[in-house]
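*Asks:* I would like the atomic coordinates for the input below:
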Amino acid sequence: MKTLLATLITLLSLSSFAAVSPSSAKMICHTPRLDKAFIVGATQVTFLDESQQEADRNLASVEGIRTKISGSGFTKIMDFEGQKHTIHVDDVNSPSQVNDYLVIKSREGHELTYPLDCSSVN
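*Replies:* Predicted structure coming up:
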């Protein structure tokens, strides 16, 4: 019985080391319909311009982000270029274009939703 319990605890601890915590996940995401990509960190989002071929493609870095952790995913809400941006990643361990999205809402209330293609950054 003790051997079974020790094996179970070992397996659970190993699986927790392999999983990435949504609060500490660093991901790079882009959407096929826009020329912008972004790097999502724990407390900051850096927007990139994919249309520029130069090495330095940073547009802006946004801080003061509201983050909601849900299960193994997160939702980050911020203001950028006068619009409300909502980045939702359903599972940081298994990114999906079906479940991950970017919502851009203008001050007039117009809302556009784009699928995201995300991957982890080490």
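*Asks:* From now on I want contacts and neighbour counts done on CA atoms only, so please keep to that.
*Replies:* OK.
*Asks:* In this protein, what residue spans correspond to helices?
*Replies:* 2-18 (DSSP state H).
*Asks:* So, low pLDDT: which residues of it?
*Replies:* Counting by pLDDT under 70, the chain has low-confidence residues at 1-20, 22-23, 51-59.
*Asks:* so where do the strands sit in it?
*Replies:* Under the criterion DSSP state E, strands of the chain are mapped to 27-30, 36-40, 45-49, 58-62, 66-70, 73-80, 83-89, 101-105, 111-115, 117-120.
*Asks:* helices or strands next to the third one in the packing?
*Replies:* Here strand 45-49 is seen to pack against strand 36-40, strand 58-62 when contacts are counted using 3 or more CA pairs under 8 Å, 6 or more residues apart in numbering; DSSP states H and E.
*Asks:* hmm, try it at 10 Å
*Replies:* Applying 3 or more CA pairs under 10 Å, 6 or more residues apart in numbering; DSSP states H and E, one finds that strand 45-49 contacts strand 27-30, strand 36-40, strand 58-62, strand 73-80.
*Asks:* and F80, how many neighbours?
*Replies:* Residues near F80, counting by other CA atoms under 10 Å, number 14.
*Asks:* Contacts only, for it.
*Replies:* Contacts for F80 (CA atoms under 10 Å, 6 or more residues apart in numbering) come out as 47, 60-63, 104.
*Asks:* and which of those is nearest S94?
*Replies:* Nearest to S94, judged by CA to CA, of those is F47 at 22.2 Å.
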